[in-house]
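**Q** What would the 3D arrangement of this be:
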Amino acid sequence: MSTSKLLLGLAPTRNFVGTWEEIAKMCQKYCFDGVEFKYELPFILPERWSWKMIQRIRTMAREANWFISVHGPYTNIGALLARRWRNALDEHLRALEVAQILEAKTYTIHPGWVERKWSTPELLQRCQENTARALNELVSNVDEIVICLENQHPGGDKEKAGITPVQLHSIVHDLPQVYFTFDVGHAQLYNKDPVGFLFALGPERVRLAHLHDNTGEDDTHLPPGLGNVNWSAFLKLYQEREYKFPLFLEINGNEMDFENSRKVLIKLWDSLTFKTKIEEKTWSSEI
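**A** Numbers count the residues shown, from 1 in each chain. Here you go, the predicted structure:
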């Protein structure tokens, strides 16, 4: 029987109206297992940010033994112009300083992109190479934090460098110390088969996952159950393979949306566990 545990955290999107500290208090209130904080506007506006707040959050995380992750800013680490590439990378280096103070275990980062209206296969390839160069510099600036490249969603006005498993593996080919953040909602938008996407990506190289739903058309970050993602298939696989990477709810919503989503996933998890026990009992009685 599987002994896998549902490791569930929260990772509010940028439409969340509170501060990082309010997110941490929500984690504490509803007994989540961790938080991924986005180092990006509006969370890092001066009126919503302070180093004292970071220290308080670190204390809370230590006491509760949370899994802490930081999501880097949405800058283009695949930029084709040297100055823009350098500026984008410097933003991430500043975010990594915060991640280190928070004693984060992982750091999520998006691959680069090229504007679709003038993108070519050659330019996208250069963008992927620049993304790899940026990742190489980032890993040389951290000791214990694991850098995790996230799969992007297709669509929009950008030709993105890391949508498919093939693209992502190409970027990290020479960077074995870089792992992946598996975004279920983005995988749904790519091929409507997150489980297959995860297998192609390689679960052994995934260090955390983002959970959110959509109808297969837009990156709406809906709560699980409000779109078309097959959550039973994903959680069944997570149970059976006894995966250890944490699952972070990355939904658009307020405090109650996170609590309701938590209840939905726990209920589904428990039902799958019960079904597995019944199947095992039936199988053993037939021997």
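**Q** Now do stretch 59-71: distance to the chain's middle.
**A** Centre-to-centre, stretch 59-71 and its host chain are 16 Å apart (Cα atoms, centre = their mean, to the nearest Å).
**Q** Can you give the contact residues for it?
**A** Identification of contacts with stretch 59-71 by Cβ atoms under 8 Å, 6 or more residues apart in numbering yields 7, 9, 11, 24-25, 27-28, 32-40, 95-96, 98-99, 102-109, 148, 208, 246, 248. C-beta coordinates here come from the backbone N, C-alpha and C atoms, glycine included.
**Q** Could you pick out the buried ones from these?
**A** 7, 9, 11, 24-25, 27, 32-40, 95-96, 98-99, 102, 104-109, 148, 208, 246, 248 (16 or more other Cβ atoms under 10 Å).
**Q** Next, check the residues you listed against the strands and list the overlap.
**A** Among those, DSSP state E puts 9, 34-38, 106-109, 148, 208, 248 in strands.
**Q** Looking at those residues, which is nearest I54?
**A** Nearest to I54 among those: F37, at 9.4 Å, using Cβ to Cβ.
**Q** where along the protein do the strands fall?
**A** 8-10, 34-38, 67-71, 106-109, 113-115, 146-150, 158-160, 179-183, 206-211, 247-249.
**Q** Go through the ones you listed and name the closest to P194.
**A** With Cβ to Cβ as the yardstick, what comes closest out of those is strand 179-183 (8.1 Å).
**Q** what sits up against that closest one?
**A** 106, 108, 146-153, 168, 172, 197-198, 201-202, 205-210, 212, 245, 250.
**Q** and if you look at stretch 203-211?
**A** Contacts for stretch 203-211 (Cβ under 8 Å, 6+ apart): 11, 36, 67, 69, 105-106, 108, 146, 148, 150, 179-186, 198, 224, 241, 243, 245-251, 265.
**Q** And stretch 122-140, by the same measure?
**A** Taking Cβ under 8 Å, 6+ apart as the rule, stretch 122-140 contacts 77-80, 85, 88-89, 92-93, 96, 107, 109, 111-114, 147, 149, 159, 161-162, 167, 170-175, 177-178.
**Q** can I get the strands of the chain in TSV with mean pLDDT and distance to Q125?
**A** TSV is the format used below for the strands of the chain (pLDDT from 0 to 100; distance: least, Cβ to Cβ, whole Å):
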stretch	mean pLDDT	distance to Q125
strand 8-10	98	35
strand 34-38	99	29
strand 67-71	99	26
strand 106-109	99	19
strand 113-115	97	10
strand 146-150	99	17
strand 158-160	96	11
strand 179-183	99	20
strand 206-211	99	25
strand 247-249	99	31
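**Q** So for V17, which of those sits nearest?
**A** Minimum separation from V17 across these (Cβ to Cβ) falls at strand 34-38, 13.5 Å.
**Q** which helices and strands sit right next to the closest one?
**A** strand 8-10, helix 20-29, helix 51-64, strand 67-71, strand 247-249 (3 or more Cβ pairs under 8 Å, 6 or more residues apart in numbering; DSSP states H and E).
**Q** Done for today, thanks.
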